[in-house]
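Student: Based on what follows, work out the 3D shape:
(one chain, ligands or ions: 3)
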Amino acid sequence: MSSYLIKGARVLGGDPADLLLRDGRIAAIGESLSATGAEVLDATGLIALPGLVDLHTHLREPGREDAETVETGSRAAALGGFTAVHAMANTDPVADTAGVVEQVWRLGQEAGLVDVVPVGAVTVGLRGERLAELGAMADSAARVRVFSDDGICVSDPALMRRALEYVKAFDGVVAQHAEEPRLTVGAQMHEGDRSAKLGLTGWPAAAEEAIIARDVLLAQHVGARLHVCHVSTAGSVEILRWAKARGVDVTAEVTPHHLLLTDACAEGYDPVFKVNPPLRTDGDVTALRHGLADGTIDAVATDHAPHAVEDKECEWAQARPGMLGLEQALAIVQDTMVETGLLDWAGVADRMSVRPAAIARLAGHGRPLAPGEPANLVLLDPAARSVVDPAALASRSRNSPYAGRELPGRVVATFLRGVPTVLDGKAQR
Ligand SMILES: NC(=O)N[C@@H](CC(=O)O)C(=O)O
Ligand SMILES: [Zn+2]
Ligand SMILES: [Zn+2]
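Tutor: Ligands and ions are numbered 1, 2, ... in the order given. Got it, this is the predicted structure:
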């Protein structure tokens, strides 16, 4: 295995240093390092962060390989600076058995671009009727620790309670898609002045907040870990802040798109902006940014949701919800959090690597950049700027909400256990 000597990278945005990667680990960090036989990489002006960890990725395999595969999604992830992604369970068949999660895990290892960590379904077939074989998925080769019916809310409170209790046995966590289904029948976008004007059925903030409020109470009652997927409203941030202050073991994520975009995007009826939960208001965006900055929201998670052309290029009401996220996530966080002064690069490392890895109990990721640690890292050029061209994306789908938008930053290199998966901005396999 070859070794790499990275010269002059700013670790977590600090002073320039050299990093020697050897045998899958960081062998040394210091000034003016030299190493015979190592490939030298000039990282002047680049920032080094621990490899990013996504808690929420839709890879669509098995079942919708026309929209994404484990391999194409892994490539998109590596290009985005990720070294691990959590593959959501709403595939076909659903990832609700040890067999399916082991298959997804194996496909990820074969692709070799990021660690693909399967999320297990909470209920059989995502039907919300009875618990899936959570223990068997936890004990499988995929070692599942995150369980979610994402796409659908576990709305039955008794079933949610049982799931929370069950996963405690193996230190798992239930990741809830917080959406009270009775309040979102036919919903198309955020419920407010704009939905009324556009004539689209609204998805009220209360549909999300009611479930989060219920679930933090349940999690506290049974002493279990709860994670809230894609938090999108100011009210949700308030409830999470309240719950954390009371000592509830709850964590939450926000997507890049909810940090940047608002319901104003729906005005052209372009379904690329249709997503669950919907894009909200300016006030919500501000609250989400501040919630992420103060740690009330623990992590940024992409909710990368690739969709085939026929599912997106149609009438708004017929289109599937969801948008791409992996390749632009870091750029959006730089734009909305770093360039606004809300987070420094150490904060970005915390919210995009350290905390997501901790929530998922994922060993080997989200570790400090220090000698002896696994060489999972990303090098980015914060001074670069470029315009997003969906045709140039590695994802098999094209539903990027950032088409034509100029964004800061560029992922120059990604290393997975010392092996470059991206070099000079290009995937290595
Ligand atoms: N976010 C979305 O709008 N869609 C997701 C499901 C989900 O995350 O709820 C999908 O699977 O397409
Ligand atoms: Zn969801
Ligand atoms: Zn999702």
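
Student: From Ala319, how far out is whichever residue of the stretch 51-200 of the chain sits closest to ligand 2?
Tutor: Of all residues in the stretch 51-200 of the chain, the one sitting closest to ligand 2 is His177 (3.6 Å; CB to the ion). C-betas here are computed from N, CA, C, even on glycine. Remark: distance between His177 and Ala319 (CB to CB, to the nearest Å) = 19 Å.

Student: neighbour-wise, which of the two wins?
Tutor: His177 (25 against 22; other CB atoms under 10 Å).

Student: returning to what we had before: which non-adjacent residue is nearest the residue of the stretch 51-200 of the chain closest to ligand 2?
Tutor: Spatial nearest neighbour of His177, excluding adjacent residues (CB to CB, 6 or more residues apart in numbering): Asp150 at 4.6 Å.

Student: Hmm, the one you found is touching Ala87, no?
Tutor: No: between Asp150 and Ala87 there is no contact, the gap being 10.6 Å when judged by CB atoms under 8 Å.

Student: Please identify every residue contacting each of those two.
Tutor: Val119 (CB atoms under 8 Å, 6 or more residues apart in numbering).

Student: Kindly report the residues of the stretch 301-429 of the chain close to ligand 1.
Tutor: Where the stretch 301-429 of the chain comes near ligand 1, counting by CB under 6 Å from any ligand atom, the residues are Asp303, Ala305, Arg320, Pro321, Gly322.

Student: show me the contacts for the fourth one.
Tutor: Read it as Pro321. Per CB under 8 Å, 6+ apart, neighbours of Pro321: Lys274, Val275, Asn276, Ala305.

Student: That one belongs to a strand, doesn't it?
Tutor: No: using DSSP: H, G, I helix; E, B strand; the rest coil, the assignment for Pro321 is coil, not a strand.

Student: Find the nearest non-adjacent residue to it, please.
Tutor: Asn276 is the one closest to Pro321 (CB to CB, 6+ apart), at 4.3 Å.

Student: ok so Ala175 is a helix residue?
Tutor: No: going by three-state DSSP, the assignment for Ala175 is strand, not a helix.

Student: I figured it was touching Phe147, is that so?
Tutor: Yes: Ala175 is within contact range of Phe147, at 6.9 Å (criterion: CB under 8 Å).

Student: Spit out the residues that contact these two alike.
Tutor: By CB under 8 Å, 6+ apart, the residues touching both Ala175 and Phe147 are Val119.

Student: ok, back up a step: for the residue nearest to His177, list the residues it contacts.
Tutor: Counted by CB under 8 Å, 6+ apart, Asp150 has contacts His56, Met88, Ala89, Asn90, Val119, Ala175, His177, Cys229.

Student: swap the cut-off to 7 Å and go again
Tutor: Met88, Ala89, Asn90, Ala175, His177, Cys229 (CB atoms under 7 Å, 6 or more residues apart in numbering).

Student: So for stretch 312-319, what gets flagged as buried?
Tutor: Using 16 or more other CB atoms under 10 Å as the test for burial, stretch 312-319 gives Lys312, Trp316, Ala319.

Student: export those to CSV and tack on distance to ligand 2 and pLDDT?
Tutor: Output for those, formatted as CSV (distance: CB to the ion, whole Å; pLDDT from 0 to 100):
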residue, distance to ligand 2, pLDDT
Lys312, 17, 98
Trp316, 19, 98
Ala319, 16, 98
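
Student: Return the member of the contacts of Asp150 nearest to Val101.
Tutor: Ala89 (8.1 Å; CB to CB).

Student: Tell me the secondary structure at the closest one.
Tutor: coil.

Student: isn't it right up against Ser148?
Tutor: Yes: with contacts defined as CB atoms under 7 Å, Ala89 counts as touching Ser148 at a distance of 6.2 Å.

Student: Now do the shared contacts for those two.
Tutor: With CB under 7 Å, 6+ apart, Ala89 and Ser148 have common neighbours Val119.

Student: what's the distance between Val100 and Leu21?
Tutor: Counting by CB to CB, the gap from Val100 to Leu21 is 34 Å.

Student: again, but for His365
Tutor: With CB to CB as the criterion, His365 and Leu21 are 16 Å apart.

Student: out of the two, which sits in the busier spot?
Tutor: Leu21 (27 against 24).

Student: Tell me where the stretch 251-400 of the chain has helices.
Tutor: 256-260, 282-293, 309-312, 329-333, 345-349, 355-359 (DSSP state H, counting those that start in this stretch).

Student: buried residues in the longest one?
Tutor: Yep, that's helix 282-293 we're talking about. Under 16+ other CB under 10 Å, the buried positions of helix 282-293 are Asp284, Val285, Ala287, Leu288, Arg289, Gly291, Leu292, Ala293.

Student: didn't the fifth one look like it was pressed against Leu259?
Tutor: I take that to be Arg289. Yes: the pair Arg289 / Leu259 is scored as a contact, 5.9 Å apart, by CB under 7 Å.

Student: So for these two, which residues contact both of them?
Tutor: Contacts common to Arg289 and Leu259, judged by CB under 7 Å, 6+ apart, are Thr336.

Student: Would you enumerate the residues in contact with Thr414?
Tutor: Here Thr414 is in contact with Gly51, Ala78, Gly81, Thr83, Val378, Thr421, Val422 (criterion: CB under 7 Å, 6+ apart).

Student: which residue sits closest to Ile211, ignoring its sequence neighbours?
Tutor: Using CB to CB, 6+ apart, the nearest residue to Ile211 is Ala178, at 3.9 Å.

Student: quick one, what contacts the one you found?
Tutor: Counted by CB under 7 Å, 6+ apart, Ala178 has contacts Cys153, Glu208, Ile211, Ile212, Val228, Cys229.

Student: Where does the third one fall, secondary structure wise?
Tutor: It refers to Ile211. helix 205-222 (DSSP states H and E).

Student: in that helix, what's buried?
Tutor: 205, 207-216, 218-220, 222.

Student: coming back round to it: and the residue nearest to Ile211, that one's in a strand?
Tutor: No: per three-state DSSP, Ala178 lies outside any strand segment and is coil.
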